[in-house]
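**Student:** Got a sequence here, can you build the structure:
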Amino acid sequence: MNEMLVKNFDKGETRMKKMLLITTLVMVLVLAFAAPAFAKYAGYSASTQYVPWAEAQSMASLNADAALMARGPHAGYATTTIKCAVCHSVHRGGSDLLNEGAACAYCHTNDYYGGGAVASNLISWSGGGPHNSRCVNDDCHGGPHGVGASTYDGPASKLITAKGDAELEELATANGVATSEFATWSATTRVLATAGVCQRAGCHSNSMMGVVTSGAETTVTVGVDKKVTGHRVIAAATTSWNADSSFSSTKTNLTIAYKPVEYCNSCHALKDDNNAGKAAFPHSINGVVDSAAKADGTWRVAVWLTAAPNSDTTATAVGPYNQYVVTPRGNPVNDISSAAGSTILDGQCLKCHRSSTAGLGITY
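**Tutor:** Predicted coordinates for the structure are as follows:
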């Protein structure tokens, strides 16, 4: 009898130990998963946002609203997306409950919380210029939550203002491009949406900036109505120009360009060393440093333009059209390989339309 009691007691003790072990393991697992989340979002640190956008994308990438996350932080809000907390803080925000009390500058300058921009495009228009502060009043972009943005999904994904939509549709017709193209942010959408905003009435009107199809025209009014075209903004560097004799030149099958054109910044080519060498156009201009182009940040480069004697030579930043200088800024006298001084310098054309041995003025 005593032996049976001892055995039953041993079994009960074993079961109790197993239960205690299982309970302990469960508690450890709960704490292991809960603790990091609690610690991570308990508050700010000196170098990290409350919820960095890259992390927000990662956390929400597998939920039912993943497609909405792909639309960026400025649109596509739903129950399980993670966007509001990237810019706003309920208890520690500044103006409008914005983190650090800033708007566009919070992510789009090098001065965001903790230092170092988190966006691919930086803004440095402060201090003057026709584009100064226009990112927030619908002139170029809609509001930060997508209100006022283009009715087309492609431009809207970049908050491009709806004020350019009418011009965008006209450019689509002129270039033979279906408006369905604007459902995505394709290379064509990028060019025509940018042009639509830039050349609309009140801005760079009476210009043809959006040309993706050779010969595309628009009507401008300079005293009288007139049809004009412009330089193609997307074009490969080929060896078969005028192969079909569609141009009036008697020359055929020529190489007339030695570099392709991919976007506006192929000509407006200033880069920004403070933004990992990305194109400065169209958001950064005051104090931009492009060491390769000899722009040291102490003077303002004319509309991001660069010039060179040919496609094989590094181009140099140029100054305003009415400030032509014989001695290029920071360069030896008569150094034509780095002339810097005017927006009408031939070097802006030669940097693509001539090589060191052929091209404009040499073989055609």
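**Student:** list the helices and strands the helix or strand residue 350 falls within packs on?
**Tutor:** Assignment of secondary structure by DSSP states H and E places residue 350 within helix 347-353. With contacts defined as 3 or more Cβ pairs under 8 Å, 6 or more residues apart in numbering; DSSP states H and E, helix 347-353 has these neighbours: strand 306-307. (C-beta placed from N, C-alpha, C; glycine too.)
**Student:** Now for residue 160, how many residues are close by?
**Tutor:** A total of 26 residues lie near residue 160 under the criterion other Cβ atoms under 10 Å.
**Student:** give the contact list for it.
**Tutor:** With contacts defined as Cβ atoms under 8 Å, 6 or more residues apart in numbering, the neighbours of residue 160 are 140-142, 149-150, 193-194, 197.
**Student:** Show the model's pLDDT score for it.
**Tutor:** We have a pLDDT of 91 for residue 160.
**Student:** ok, residue 364 touching residue 252?
**Tutor:** No: contact between residue 364 and residue 252 fails when scored by Cβ atoms under 8 Å: they sit 10.7 Å apart.
**Student:** Okay, helices next: where are they in this structure?
**Tutor:** If DSSP state H is used as the criterion, the helices of the chain fall at 2-40, 53-59, 66-69, 84-87, 105-108, 153-156, 165-175, 187-198, 347-353.
**Student:** Where among those helices is average confidence lowest?
**Tutor:** Among the helices of the chain, helix 2-40 carries the lowest mean pLDDT, a mean of 47.
**Student:** So, low pLDDT: which residues of the stretch 251-364 of the chain?
**Tutor:** 320-342 (pLDDT under 70).
**Student:** how about the strands of it, start to end?
**Tutor:** Residue ranges of the strands in the stretch 251-364 of the chain, as given by DSSP state E, counting those that start in this stretch, are 271-272, 278-279, 289-290, 295-296, 306-307, 316-317.
**Student:** what's the burial count for the residue nearest to residue 191 when sequence neighbours are not counted?
**Tutor:** The shortest distance from residue 191 to any residue that is not its chain neighbour, by Cβ to Cβ, 6 or more residues apart in numbering, is 4.6 Å, and that residue is residue 233. Around residue 233 there are 23 other residues, counting by other Cβ under 10 Å.
**Student:** dump the residue contacts of residue 233.
**Tutor:** Residues near residue 233 by Cβ under 8 Å, 6+ apart: 191, 195, 209-212, 261, 263-264, 266.
**Student:** And those, which of them are buried?
**Tutor:** Among these, the ones that count as buried by 16 or more other Cβ atoms under 10 Å are 191, 195, 209-212, 261, 264, 266.
**Student:** Can you tell me which of these is nearest residue 273?
**Tutor:** Taking Cβ to Cβ as the measure, residue 266 is the one of these closest to residue 273, at 19.0 Å.
**Student:** was I right about that closest one contacting residue 260?
**Tutor:** Yes: with the criterion set as Cβ under 8 Å, residue 266 and residue 260 qualify as a contacting pair; they are 7.3 Å apart.
**Student:** Check the spacing between the closest residue to residue 204 other than its chain neighbours and residue 220 real quick.
**Tutor:** Counting by Cβ to Cβ, 6+ apart, the nearest residue to residue 204 once its immediate chain neighbours are dropped is residue 198, at 4.9 Å. From residue 198 across to residue 220, the span is 14 Å (Cβ to Cβ, to the nearest Å).
**Student:** Equivalent analysis for residue 157, please.
**Tutor:** When distance is defined by Cβ to Cβ, residue 157 is 30 Å away from residue 220.
**Student:** Looking at those two, which one has more neighbours?
**Tutor:** Using other Cβ under 10 Å as the criterion, residue 157 and residue 220 rank with residue 157 on top: 21 against 15.
**Student:** what's the spacing between the more buried one and residue 151?
**Tutor:** From residue 157 over to residue 151 the distance is 12 Å, taken as Cβ to Cβ.
**Student:** Count the residues that sit near residue 291.
**Tutor:** Each residue near residue 291 was counted by other Cβ under 10 Å, and the total is 11.
**Student:** so what's it closest to, chain neighbours aside?
**Tutor:** Excluding the flanking residues, the one nearest residue 291 by Cβ to Cβ, 6+ apart is residue 273, at 5.8 Å.
**Student:** ok, now which ones touch the one you found?
**Tutor:** Residues touching residue 273, when contacts are defined by Cβ under 8 Å, 6+ apart, comprise 289-291.
**Student:** you'd agree residue 60 is up against residue 78?
**Tutor:** No: here residue 60 lies out of contact with residue 78, judged by Cβ under 8 Å, at a distance of 9.7 Å.
**Student:** Compare these two (neighbour count), which wins?
**Tutor:** A direct count of neighbours by other Cβ under 10 Å for residue 60 and residue 78 places residue 60 higher, at 19 against 13.
**Student:** Distance of that one relative to residue 68?
**Tutor:** Relative to residue 68, and taking Cβ to Cβ, residue 60 is found at 9 Å.
**Student:** intersection of neighbour lists for the two?
**Tutor:** Common neighbours of residue 60 and residue 68 (criterion: Cβ under 8 Å, 6+ apart): residue 81.
**Student:** Walk me through the domains of this structure.
**Tutor:** Structural domains assigned to the chain are 1-37, 41-119, 127-234, 235-364, following automatic domain parsing.
**Student:** list the contacts for the nearest residue to residue 88 once chain neighbours are set aside?
**Tutor:** With sequence-adjacent residues excluded and distances taken as Cβ to Cβ, 6+ apart, residue 88 is closest to residue 97, at 4.8 Å. Applying Cβ under 8 Å, 6+ apart, we find residue 97 in contact with 88-90.
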